[in-house]
Structures are given as C-alpha cells and as structure tokens.
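Asker: I would like the atomic coordinates for the input below:
(one chain, ligands or ions: 1)
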Amino acid sequence: MILLMTTAPPENGYWYLGKRLPPIGLMYVAAALEKAGFEVQMLDNYLMKKSVVEIQQLVAKLQPQIVGITCGSATYPLCIETAKAIKKILPNCKIVVGGWHASYMPDSLLANPEIDYVVMGEGERAITQLAQAITTGCEPAALTLPGVGCRRAGTNILNPPKYIENMDEIPYPARHLLPLELYDRTIEFLGAKPADVMSISRGCVFNCGFCETRKLWGNICRGFSPKRVIGEIQDLQNRYGTKGIYFINDNFTLRKKETTELCNLMIENKLDLEWVCDTRVDLVNEELLALMSKAGCKTIWFGVESASSKILQRIGRNTTPHQVEEAFKLCKKNNIKVACSFMLGLPDETIKDMEASLKFAKKLDSDWCQFNIFIAYPDSKLYQELLETGKYTKLDDFLLSVKTDEFDYNSLLAVQRRFFKEFHMTPKQIMKRVKREGVWNFAKRRLHPNAQKNAGIA
Ligand code: B12
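Answerer: The predicted structure is shown next:
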C-alpha cells in the first residue's frame with residue numbers, strides 16, 4: 001500500500017494560508033499509481049491538520065510500504081519533521097518526496113537520512129517506475145530512473161527528468177481518494193458552486209526572473225488535448241456535480257489553437273459551466289476573449305507586477321503597461337471580470353515605483369487587486385542574482401527578500417497594508433465586492449482577523 005500526503009500548513013511566516021484547494025498534483029500521482037495497479041490512500045494534511053503523533057498512529061495502522069510527501073519550500077521543515085516521525089514507527093517504509101522543493105532543491109532533502117528518494121519534475125511516470133522497483137525488490141534499478149534522486153555511497157545521484165510527451169496518457173486526477181465534501185469547493189470570483197480545480201497544461205515559454213516553473217515543467221508548453229479536457233469536465237459534472245472550474249495554469253491562453261478549440265467544444269457541448277483562468281496580458285485578443293466569454297469564462301487573473309516599464313524589463317516580464325490597459329479594456333468589453341496582482345520590493349525598485357503601481361492599479365479599476373511582497377524562491381534567476389549581490393534579507397532557510405537603503409521586508413508590510421486599504425476601501429470597490437460576494441460574506445471576511453493578510457498575500 002502507498003500513502004500519499006501533504007504536510008500540515010506552516011504555522012507562521014510568509015505563506016498564503018487562505019482557502020485550501022485539493023492538491024491536484026498529488027491526485028495525479030495517485031491516479032498514475034492506481035492505473036499501474038497499486039493500492040493508494042491519500043491524506044491532505046494541509047486540510048486535516050493532523051499532529052505528528054496522529055500521523056504516526058495512522059501509518060502504524062496502514063503499514064504503507066511507501067509514503068510519498070509533497071514538499072514546497074514553504075513546507076520544507078514540516079516535510080522533514082513528518083518523514084522523521086514516520087521512519088521512527090516504520091523504519092523499513094520508503095519515503096519519497098516530490099513537488100516543487102524536491103524539484104528545485106533535491107540535495108537539501110536528501111541531506112536528511114529519513115528521506116530515501118526525491119522525485120524531480122512531473123511525478124506520474126517517475127513514482128510509478130520507482131514504486132515498481134521498490135515493491136519488486138529491484139531497488140538498484142531506481143538509480144537510473146529519470147526524475148528520481150537518491151543517496152548512494154556518500155553522494156547524491158540526481159537523474160534529470162524526462163517529460164511525458166503525450167499528456168493524454170495521464171489518467172484523470174484521483175479525486176475519489178480525497179474527502180471532497182470537506183473542501184468548501186468555492187472559487188473566488190466565481191459565482192458557480194460547487195467549483196473545482198483543473199490543470200490542463202504544463203510548461204512555460206517565458207523567462208520571468210521571479211518564477212522557476214520552467215525547472216519543474218520545462219520551457220515548452222505541453223497540454224491535454226481539448227477533447228480530453230472536455231472529457232474530464234464532463235466526468236467532474238457527472239460524479240461531483242461541478243458547476244465551476246478554476247484552471248490553475250500559468251498561462252491558460254498560451255496555446256491559442258487549443259484554447260480556441262476547447263472553447264468551441266465547451267459551447268458545442270452546452271456545458272453548464274462557469275470558469276476562471278490565469279494568463280498574461282500579451283496572450284489575449286478581442287476575438288479570443290469574446291469566444292472565452294461565450295464559453296463561460298467569468299474572470300481572468302493577470303500578473304501585472306509593476307507599472308514601471310523599467311522594472312518589468314528588469315524582472316524579465318516582457319510586457320508593457322500599455323498592453324495591460326488594452327487587455328483590461330477588452331476583458332471589460334467582453335463581460336469578463338479582471339483580477340490582478342502587483343509585486344512590491346522587486347530588485348532595483350524604489351518606493352516611488354511602488355507608488356506609481358498603486359496609481360496605475362487605481363486607474364485600471366480591476367475587480368480585484370492584490371499587492372504581494374516579492375519573495376525570491378530557490379533556483380529562480382532573481383534568487384541567484386540576490387545571492388550574488390547580497391542585497392537581501394534571509395526570511396528562512398531558503399527564502400530571500402530584497403533589502404535596499406529604502407526598504408526591507410518589514411517596512412514593505414506597512415506599504416502593503418496601506419496599498420490594500422487605498423485600493424479596496426473606496427465606495428466603488430466596496431460596492432463591487434458586496435455585489436460579488438453578498439453582504440454577509442463581505443462582512444464575514446472583513447471581520448475575520450486574517451482577512452487582510454490572506455487577501456493580500458496569495
Ligand atoms: C495553483 C497554484 C497555487 C494555488 C493552489 C495550489 C493547490 N492546488 O493547492 C494557491 C493560490 C493556493 C497557491 C498558493 C501558494 N503558492 Co502556488 N502555485 C500554483 C501553481 C500556479 C500551479 C500548481 C499546480 O497545482 N500545478 C499542477 C499540478 C499538476 O502540478 P504539481 O502540483 O506541481 O504536481 C506535480 C509535481 O510537482 C509532482 N509532485 C507533486 N507532489 C508530489 C508528491 C510526490 C510523492 C511525487 C512523487 C511527486 C509529486 O507530480 C505532480 C504531477 O506531475 C504553481 C506554478 C506551477 N506552474 O506549478 C505555483 C507554485 C507551486 N506556488 C508557489 C508558491 C510559492 C505558493 C505560495 C507559497 C505563495 C505565497 N507566497 O503564499 C502559496 C503557498 C501554497 C501552500 N499553501 O503551500 C511556488 C512554489 C515554489 C516553491 N519553491 O515552493 C510555485 C511553483 C510558483 C512559483 N513561484 O514559481 N499556489
């Protein structure tokens with residue numbers, strides 16, 4: 001039996017601890033293992049928040065041969081703590097860690113003897129081959145498996161991942177292994193309920209200095225065929241009564257031909273569906289937005305990041321404020337709401353640049369806007385640069401934030417709070433939110449002690 005789990009949420013720090021969405025990556029991993037004939041159980045401990053002792057009791061009862069844990073840089077310490085606790089109870093159980101931190105910083109995980117293997121990049125094929133090697137007593141075969149890393153004779157062996165070319169061979173995420181009824185299944189900016197997440201493509205062709213997803217998925221974009229996406233939507237509707245979807249892809253409209261085909265199929269199949277997606281301002285045009293709107297798209301999230309062309313260039317964003325304004329206009333014209341995010345505290349940014357971003361955000365008049373303090377994540381281009389220049393504050397073992405004569409992480413918190421207030425506490429924005437969320441939900445969120453934190457730092 002294989003147990004796949006997430007860790008509990010980090011208790012304090014710099015993380016978004018708001019709404020919990022089912023861990024779709026882990027559900028894909030589970031589905032691939034089930035397809036290969038393994039018995040799998042899942043624990044989304046980010047949701048269940050079981051203590052270390054409760055986890056020990058659970059593994060003592062289940063006696064898994066393998067435990068797979070998802071690890072992001074935010075949850076690294078908890079992942080190590082969990083692995084240690086499990087090994088104490090089941091010394092022969094193999095612990096495999098996958099996900100973002102395993103992909104970017106595999107050595108940091110393998111430095112802990114409790115972790116037997118890391119999986120780098122997409123997990124479906126690598127974990128299946130690894131599980132087959134472990135359960136058939138052929139562990140030496142794991143030494144050469146693509147995407148698998150382990151310790152041997154005092155050194156770490158890290159085999160580069162091979163990407164799955166035909167993504168349609170990946171089965172639908174194993175949603176049946178999670179207690180979906182415990183998730184609230186609502187998505188911000190989407191009236192339709194219940195709502196679920198889907199991830200339909202992998203990989204990014206752009207080179208933003210703050211993002212390292214290319215390392216996880218490669219720098220070409222692969223995706224499921226539009227037919228396969230429609231099949232999964234219909235499966236969600238039939239099994240779980242899904243009415244809304246959040247497509248959690250970096251750039252939903254990057255593959256224009258497939259996006260167009262998908263929207264046409266949504267319309268032809270008369271899917272009773274509303275959806276939200278993320279994309280870039282330079283990847284939309286009037287024709288496409290009109291089609292997306294007709295197919296049920298209600299809101300698009302755009303990363304605007306800054307109002308300054310100089311800063312946008314500096315961080316490798318390759319978009320312009322003019323493109324932002326055009327994209328927002330076209331969305332509004334086509335009845336699609338716009339949510340956007342800016343970053344505060346980018347390298348070479350000044351407080352004056354940040355004030356210009358606030359002014360620009362007000363001018364854009366988007367339906368939602370958040371200001372995130374820039375945190376450099378391991379292995380991204382800006383992370384390496386900060387390490388070299390030394391102009392940073394270390395937030396924890398891995399995370400860095402920019403430090404200049406003008407600002408540091410702590411002083412930016414005050415700027416973030418002020419921007420949040422100045423943007424959102426206007427009669428026009430309040431009315432928009434009340435209309436969107438209803439009076440009760442609006443009041444509940446405003447009164448919640450974490451309301452501002454969670455709204456601002458997603
Ligand atoms: C959607 C998303 C979110 C959503 C929710 C995700 C969810 N489903 O719970 C929200 C908005 C909540 C979110 C929040 C945050 N996110 Co986010 N998010 C993403 C995004 C865009 C997609 C993630 C995703 O679901 N991908 C689709 C699935 C299929 O892929 P996957 O989860 O990576 O899983 C595959 C592999 O990783 C691997 N795998 C995963 N787990 C395991 C486990 C095992 C055992 C194995 C073998 C393999 C394996 O196999 C899977 C299938 O191939 C990514 C960027 C990206 N393109 O990946 C960032 C990303 C994951 N987020 C990131 C960050 C930093 C955050 C925040 C910390 C931001 C913040 N400041 O608060 C928070 C914290 C999240 C948390 N609580 O832990 C970083 C992580 C970097 C890092 N080093 O950890 C990423 C990579 C973006 C970036 N900066 O480049 N996020």
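Asker: roughly how far apart are the residue in the stretch 301-450 of the chain positioned nearest to the ligand and Asn166?
Answerer: The ligand sits closest to Tyr377 of the stretch 301-450 of the chain, with a gap of 4.4 Å, by C-beta to the nearest ligand atom. Bear in mind the C-beta positions are built from the backbone N, C-alpha and C, glycine included. Counting by C-beta to C-beta, to the nearest Å, the gap from Tyr377 to Asn166 is 30 Å.
Asker: okay, those two: which has more neighbours?
Answerer: Counted by other C-beta atoms under 10 Å, Tyr377 and Asn166 do not tie: Tyr377 has more neighbours, with 20 against 9.
Asker: isn't that one right next to Leu386, touching?
Answerer: No - Tyr377 is beyond contact range of Leu386, at 10.9 Å (criterion: C-beta atoms under 8 Å).
Asker: contacting residues for the most centrally placed residue in the chain?
Answerer: Nearest to the geometric centre of the chain sits Ile248, at 7.0 Å (C-alpha atoms, centre = their mean). Ile248 sits next to 21, 24, 197-199, 278 when contact means C-beta atoms under 8 Å, 6 or more residues apart in numbering.
Asker: next: Gly149.
Answerer: Counted by C-beta under 8 Å, 6+ apart, Gly149 has contacts 102, 106, 110, 117-120, 156-159.
Asker: can you pull the residues of the stretch 51-200 of the chain lying near the ligand?
Answerer: With C-beta under 6 Å from any ligand atom as the criterion, the stretch 51-200 of the chain comes near the ligand at residues 68-70, 72-75, 96, 98-101, 104, 119, 122-124, 127, 197, 199.
Asker: just those residues: which are in strands?
Answerer: Secondary structure from DSSP state E places 68-70, 96, 98, 119, 197 of those in strands.
Asker: closest one to Ala85 out of those residues, please.
Answerer: Checking these against Ala85 with C-beta to C-beta, the nearest one is Ile69 at 11.2 Å.
Asker: so that closest one versus Leu182, what's the distance?
Answerer: 20 Å.
Asker: just Val96 next, same as before
Answerer: 25 Å.
Asker: of the two, which one has the most company?
Answerer: Val96 (28 against 12).
Asker: which residues touch that one?
Answerer: 66-69, 115-119, 127, 130.
Asker: now, of those residues, which are buried?
Answerer: Neighbour-count burial (16 or more other C-beta atoms under 10 Å) is assigned, among the contacts of Val96, to 66-69, 115-119, 127, 130.
Asker: and the strands in the stretch 1-150 of the chain?
Answerer: 2-6, 40-44, 66-70, 94-98, 117-119, 148-152 (DSSP state E, counting those that start in this stretch).
Asker: with adjacent residues omitted, what lies nearest to whichever residue of the stretch 51-200 of the chain sits closest to the ligand?
Answerer: In the stretch 51-200 of the chain, the residue that lies nearest the ligand is Gly98 (2.2 Å; C-beta to the nearest ligand atom). Residue nearest to Gly98 in three dimensions, not counting chain neighbours: Val119, with 3.8 Å by C-beta to C-beta, 6 or more residues apart in numbering.
Asker: spit out the contact partners of the one you found.
Answerer: Counting by C-beta under 8 Å, 6+ apart, Val119 touches 68, 96-98, 102, 126-127, 130, 147-149.
Asker: report the beta-bridge partners for it.
Answerer: Val148 (DSSP bridges).
Asker: from Val29, how far off is it?
Answerer: 8 Å.
Asker: now do the shared contacts for the two.
Answerer: 68, 98, 127.
Asker: would you format the residues you listed as a markdown table with pLDDT included?
Answerer: Formatted as a markdown table, the shared contacts of Val119 and Val29 follow (pLDDT from 0 to 100):
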| residue | pLDDT |
| --- | --- |
| Gly68 | 98 |
| Gly98 | 98 |
| Ile127 | 97 |
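Asker: for Lys359, state which of those is nearest.
Answerer: Gly98 (42.7 Å).
Asker: neighbours of the closest one, how many?
Answerer: Neighbours of Gly98 (other C-beta under 10 Å): 28.
Asker: helix, strand, or coil at Met343?
Answerer: Local secondary structure at Met343 is given as strand here, using DSSP: H, G, I helix; E, B strand; the rest coil.
Asker: ok, now the one 5 residues further on?
Answerer: Using three-state DSSP, the structure places Asp348 in coil.
Asker: coming back round to it: bridging residues for the residue of the stretch 51-200 of the chain closest to the ligand?
Answerer: Where Gly98 sits in a bridge, its partners, by DSSP bridges, are Thr70.
Asker: roughly how far apart are it and Gly316?
Answerer: In terms of C-beta to C-beta, Gly98 sits 27 Å off from Gly316.
Asker: what does the stretch 251-400 of the chain have sitting close to the ligand?
Answerer: 375, 377-378.
Asker: now render these as a markdown table, adding secondary structure.
Answerer: A markdown table is the format used below for these (three-state DSSP):
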| residue | secondary structure |
| --- | --- |
| Ile375 | coil |
| Tyr377 | coil |
| Pro378 | coil |
